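Undergrad: Build me a model from this:
(one chain, ligands or ions: 1)
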Amino acid sequence: MAFADMTDDIAEVLFDEDAIARRVEELAATITADYAGSEVLLLATLKGAVIFLADLMRALQLPVCVDFVGATSYGGSTESSGSVRLDLDSCGDMSGRHVLIVEDIVDTGRTLTKLVDAIQGQAPASVRTCCLLDKPSRRVTDFRPDYVGFEIADRFVVGYGLDFSQRYRNLPYIAVLKPRAYES
Ligand code: IMP
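TA: Below you'll find the model as predicted:
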């Protein structure tokens, strides 16, 4: 697949690089104020949240540590499989830490419901969630993120870390795919 084929698959750009950068700065300012005086453990979900994490952490004016958790629920489709797999084994000890989960997008809410429960079991000082995108109309759990970049309608989006079937993560904007990209 050539890069031009990738960009040809884009139906609409929802948030361009400037809009994302501005919103990440705002989120970081709020988080910096909320956690003033504390060290934060940023726990990012793999792989979708890596670009968001990289921008967010550089805008935070706080001491932070970083860890990653593998989380899978989609597997080559635009619909969640409904069963979430978490790989917390390689993560360090979270007891007594202020854990801030950094996630690319909340959809059904299953991933973060399960992840927050798993972390609560490790006696952290606190657990909150920061999600770049939120699709509240898709929720099947009562999960509500603490920090949200943008709320969006029920559309499948790619770019800025988000993929379809492992592609499109490197697009610098967040965009809706043409149906032909996932129907073929
Ligand atoms: P949830 O468990 O249904 O909330 O799903 C969360 C995960 O689904 C996210 O971390 C993404 O990996 C994936 N996901 C949900 N919606 C989208 C989307 O529109 N584009 C790409 N990935 C998505």
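
Undergrad: check whether stretch 60-68 contacts the ligand.
TA: No - applying Cβ under 6 Å from any ligand atom, one finds stretch 60-68 separated from the ligand by no less than 12.9 Å. Placement of C-beta: from N, CA and C, glycine included.

Undergrad: and that stretch, how far apart are its ends?
TA: With Cα to Cα, to the nearest Å applied, stretch 60-68 spans 18 Å between its terminal residues.

Undergrad: In that stretch, which residues are buried?
TA: The neighbour-count criterion (16 or more other Cβ atoms under 10 Å) identifies 60, 62, 64, 68 as the buried residues of stretch 60-68.

Undergrad: ok, residues contacting it?
TA: Here stretch 60-68 makes contact (Cβ atoms under 8 Å, 6 or more residues apart in numbering) with 28, 31-32, 35-36, 38-46, 53, 57, 90-92, 97.

Undergrad: Show me how far it is from its chain's centre.
TA: 16 Å (Cα atoms, centre = their mean, to the nearest Å).

Undergrad: cool, and stretch 29-43?
TA: 17 Å.

Undergrad: and if you look at stretch 159-176?
TA: Relative to its chain's centre, stretch 159-176 lies at 12 Å (Cα atoms, centre = their mean).

Undergrad: Can you get me the start-to-end distance on it?
TA: Distance between the boundary residues of stretch 159-176 (Cα to Cα) amounts to 9 Å.

Undergrad: which residues touch that stretch?
TA: Residues outside stretch 159-176 that contact it (Cβ under 8 Å, 6+ apart): 1, 6-7, 9-17, 20, 47-52, 76, 78, 104-105, 132-133, 155-158, 177, 181-182.

Undergrad: and residue 148, bridged to which residues?
TA: Applying DSSP bridges to residue 148 gives these bridge partners: residue 131.

Undergrad: Can you tell me how far it is from residue 27?
TA: Look at residue 148 and residue 27: by Cβ to Cβ, to the nearest Å, they are 8 Å apart.

Undergrad: who touches both of these two?
TA: Shared contacts of residue 148 and residue 27 (Cβ under 8 Å, 6+ apart): residue 130.

Undergrad: Look at those two and report which has more neighbours.
TA: Neighbours per residue (other Cβ atoms under 10 Å) separate residue 148 from residue 27, with residue 27 holding more: 21 against 17.

Undergrad: Which helix or which strand is home to the residue nearest to residue 155 when sequence neighbours are not counted?
TA: Leaving aside its sequence neighbours, residue 155 sits nearest to residue 176 (Cβ to Cβ, 6 or more residues apart in numbering; 5.1 Å). Following DSSP states H and E, one finds residue 176 within strand 174-177.
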